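Engineer: Have a look; sequence and predicted model below, questions after that.
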Amino acid sequence: MSSSPVRIAVAGALGRMGKAVAATLEGRADATTVARFDRPGAEDEGLVALESALAGAQAIIDFTIPEASVALAETIAAAGGGIALIIGSTGFNAEQDARLAKAAESVTIVRSGNFSLGVNMLMGLVRQAATALPASDWDIEVFEAHHKRKIDAPSGTALMLGQAAAEGRGVVLSEVEDRARDGVTGARTEGAIGFSVVRGGGIIGEHSVIFAGESESLTISHSAIDRGLFARGAVAAAVWAQGKAPGIYDMQQVLGFRGI
Ligand SMILES: NC(=O)C1=CN([C@@H]2O[C@H](COP(=O)(O)OP(=O)(O)OC[C@H]3O[C@@H](n4cnc5c(N)ncnc54)[C@H](OP(=O)(O)O)[C@@H]3O)[C@@H](O)[C@H]2O)C=CC1
Ligand SMILES: O=C(O)C1=N[C@H](C(=O)O)C[C@H](O)C1
């Protein structure tokens, strides 16, 4: 017996991902668009105000900016929860993370810097390789490349991959990360996890984790070929989140990958 499609409101509807989510929802049996909204004052055919989006939705898919995502979570919390919030925005600071955790006491949130199956699989592989390859012999570098309009760096995905590597090594990422190199940097610090970033053109999303030894190197990579990939993952998360208790979940849980 088929159940009713999950009613989804699309935040940031005029953005690249908002459009990809709306396009993905067309023709789906398990989920449907009930509202599209963007920044207050944004004008476009079919856009509604946040209040009316909240009124009819069972889930909101949000690819906007961190401050907007946090405000949305707090608005849903103030209304007593009941709407699942799927957050794809990246570039949060510690204060915004803490506000999100507070809102999640009454809101079901799925949050991921990357909703693709491949990247979430990659995280497990990176954790495994980082566990097996000792820091004394293997240097870890995370590389990412994105389109020229992206406003945050390193990407949310690169940070997730760095976190997976740190977990594999049993270290705290913030204590070993090396995010910027320029000029006379000195030799590489043993155990550092380095990040490098390219921005240009229309690159959708490239990520690699390089394990560099003296005589060999191992590179594990993921390429996103179209944005619909992320949109489909976010819709799957919105369907999965129905009936889940308040809290912050990730895409590994949606995909059943925990422990890989
Ligand atoms: N997790 C994942 O799998 C993925 C995550 N992302 C992340 O998603 C985010 C958005 O990416 P992208 O779509 O490319 O960016 P865009 O800039 O194209 O879209 C963001 C949209 O959100 C709008 N917006 C800003 N503030 C608000 C608000 N308060 N309420 C509602 N809408 C608002 C923007 O309006 P305006 O233009 O006027 O500012 C814009 O239309 C980024 O953080 C990106 O890193 C992207 C792809 C995949
Ligand atoms: O801004 C983007 O476009 C993307 N952002 C996400 C990130 O920061 O990791 C995911 C994806 O790579 C595309």
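Structural biologist: Structure's in. What do you need? Residues are numbered from 1 along each chain as shown. Ligands and ions are numbered 1, 2, ... in the order given.
Engineer: Number of residues surrounding residue 90?
Structural biologist: 24 (other CB atoms under 10 Å). Yep, even glycine has a C-beta here, placed from its N, CA and C like the rest.
Engineer: With residue 128 instead?
Structural biologist: With other CB under 10 Å as criterion, residue 128 counts 14.
Engineer: Can you tell me the SS state at it?
Structural biologist: Three-state assignment for residue 128 (DSSP: H, G, I helix; E, B strand; the rest coil): helix.
Engineer: Which pLDDT does the model give the closest residue to residue 205 other than its chain neighbours?
Structural biologist: Leaving aside its chain neighbours, residue 205 sits nearest to residue 224 (3.9 Å; criterion: CB to CB, 6 or more residues apart in numbering). With respect to pLDDT, residue 224 scores 98.
Engineer: Equivalent analysis for residue 27, please.
Structural biologist: 85.
Engineer: Next: the one 10 residues further on.
Structural biologist: pLDDT, residue 37: 97.
Engineer: got a list of what it touches?
Structural biologist: 9-11, 13, 47-50, 53 (CB atoms under 8 Å, 6 or more residues apart in numbering).
Engineer: list the contacts for residue 20?
Structural biologist: By CB under 8 Å, 6+ apart, the neighbours of residue 20 are 227-228, 230-231.
Engineer: Tell me the one among those residues nearest to residue 195.
Structural biologist: residue 230 (20.8 Å; CB to CB).
Engineer: what about the closest residue to the closest one other than its chain neighbours, neighbour count?
Structural biologist: Spatial nearest neighbour of residue 230, excluding adjacent residues (CB to CB, 6+ apart): residue 115 at 4.7 Å. By other CB under 10 Å, 25 other residues sit near residue 115.
Engineer: Residue 115 contacts residue 234, correct?
Structural biologist: Yes. The pair residue 115 and residue 234 qualifies as a contact (CB atoms under 8 Å) at a distance of 4.8 Å.
Engineer: Contact partners for whichever residue of the chain sits closest to ligand 1?
Structural biologist: Going by CB to the nearest ligand atom, ligand 1 is nearest to residue 15 of the chain, at 1.9 Å. Going by CB under 8 Å, 6+ apart, residue 15 touches 38, 63-64.
Engineer: From the residues you listed, list just the buried residues.
Structural biologist: Neighbour-count burial (16 or more other CB atoms under 10 Å) is assigned, among these, to 38, 63-64.
Engineer: ok, of the residues you listed, which one's closest to residue 93?
Structural biologist: Among the buried ones among the contacts of residue 15, and counting by CB to CB, the member closest to residue 93 is residue 64, at 15.4 Å.
Engineer: ok, back up a step: ok, so of the buried ones among the contacts of residue 15, who is nearest residue 150?
Structural biologist: residue 63 (12.1 Å).
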